[in-house]
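1. Here is my input; please provide its structure:
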Amino acid sequence: MSKNRLEAFSDGVLAIIITITVLEIRAPEEASFQALKPLIPQLVIYLLSFFHMAIYWVNHHNITHALPSVNHKVIWTNMAWLFMTSLIPLATAWVGKNPLAGPPLFLYGLVLLLSSVSFLLLQHFAWQIAYDSQDLKENMGIKGCLTLAANLGIALSAFAWPILSWVFMALVMLMWFMPDQRAKEWREKMRIKNRKKSKEKIHKPGLWFFVVIRLIQAGRPCSRRCRRSRQFPG
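-> Numbers count the residues shown, from 1 in each chain. Below is the predicted model of the structure:
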């Protein structure tokens, strides 16, 4: 399968998920700002969910951009990640209506945890295709592990300390909001590396090039003899 199809399908599914998430917020019937007050928890959890999906979209683009092709491992882990992510609207709507209840917060943290695990697997299989083991070892950051720990914290603290679950949500957002200079340098390194490979392919002559040269060289003496035979018959 072409990676372009995988990217297009994933982008479409994420767009639908975001649309479904915001449609769960119902506009108040009263035309007053006071009527918006009950919607504040829903708006806040929607903001956090939207930011989570934006993080996934950006990182998914960074992963697939470097892939020359995709295999079955990448395809099915991508499907697993999309399935887990498609549960975010359900968990978001439940938390929005019950912002301090244990079961909704637990479900929200569990969905984010499973989404993170499936995305890390997708990243692992994609890097096996795009980069060698040295690059893979050098660029495995700690952000993924911290995200897993924070999402696990959302689920574990949901029943005893629901406020702490919201703190973990905010920490994940702040952690990914701050730019990662190392990731930027790594992407620039891989861009230069891929550019060098493409230049080497362009400047490296293939077998067909030598065949054409040999045919041209073999044809020149024959053409000269033909001209001489025409100028001096007999």
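
2. From now on I want contacts and neighbour counts done on CA atoms only, so please keep to that.
-> Noted.

3. phi, psi of the spatially most central residue of the chain?
-> The centroid of the chain falls nearest to residue 60 when counting by Cα atoms, centre = their mean (0.5 Å). The phi and psi values for residue 60, taken as degrees, to the nearest 10, are phi -60, psi -40.

4. Look up the pLDDT of it for me, please.
-> Note on residue 60: pLDDT of 88.

5. what's near enough to touch it?
-> Shown in contact with residue 60 (Cα atoms under 8 Å, 6 or more residues apart in numbering): no residues.

6. Please apply the same query to residue 116.
-> With contact set as Cα under 8 Å, 6+ apart, residue 116 has these partners: 81, 144, 147-148.

7. mind running it again at 10 Å?
-> Contacts were defined as Cα atoms under 10 Å, 6 or more residues apart in numbering; by that measure residue 116 touches 52, 56, 81, 84-85, 110, 122, 144-145, 147-148, 151.

8. where's it, which helix or strand?
-> Take DSSP states H and E as the rule and residue 116 turns out to sit in helix 102-130.

9. so how far is that helix off the chain centroid?
-> Distance, stretch centre to chain centre, for helix 102-130: 12 Å (Cα atoms, centre = their mean, to the nearest Å).

10. Next, the buried residues of that helix.
-> For helix 102-130, the neighbour count (16 or more other Cα atoms under 10 Å) marks 102-127, 130 as buried.

11. Filter the contacts of residue 116 down to the ones in helices?
-> If you go by DSSP state H, those have 52, 56, 81, 84-85, 110, 122, 144-145, 147-148, 151 in helices.

12. Break the chain down into its structural domains.
-> For the chain, the structural domains run 3-200, 206-231, going by automatic domain parsing.

13. if you compare these, which one is most tucked away?
-> domain 3-200 (a mean of 16; mean count of other Cα atoms under 10 Å).

14. Please name the residues that touch the nearest residue to residue 41 once chain neighbours are set aside.
-> Sequence neighbours aside, residue 96 is the residue nearest to residue 41 in space, at 5.3 Å (criterion: Cα to Cα, 6 or more residues apart in numbering). By Cα under 10 Å, 6+ apart, residue 96 lies in contact with 24-25, 38-46, 90, 104-105.

15. Centre of the chain to the one helix or strand residue 96 maps to, how far?
-> Element membership for residue 96, per DSSP H and E: helix 88-97. Centroid separation for helix 88-97 versus its chain: 23 Å, with Cα atoms, centre = their mean.

16. again with stretch 157-175
-> The mean C-alpha position of stretch 157-175 is separated from the chain mean by 24 Å, Cα atoms, centre = their mean.

17. Residues touching that stretch, excluding its own?
-> Residues contacting stretch 157-175 (Cα under 10 Å, 6+ apart): 45, 47-49, 51-52, 55, 99-109, 112, 143, 146-156, 177.

18. any low-confidence regions in the chain?
-> For the chain, applying pLDDT under 70 flags the ranges 1, 130-141, 178-191, 193-234.

19. ok, and the closest non-adjacent residue to residue 78?
-> residue 122 (6.0 Å).

20. Quick one: residues contacting that neighbour.
-> The contact partners of residue 122, by Cα under 10 Å, 6+ apart, come to 60, 63, 73-81, 116.

21. Over to residue 114?
-> For residue 114, the contact set (Cα under 10 Å, 6+ apart) comprises 80-81, 83-85, 120, 148, 151-152.
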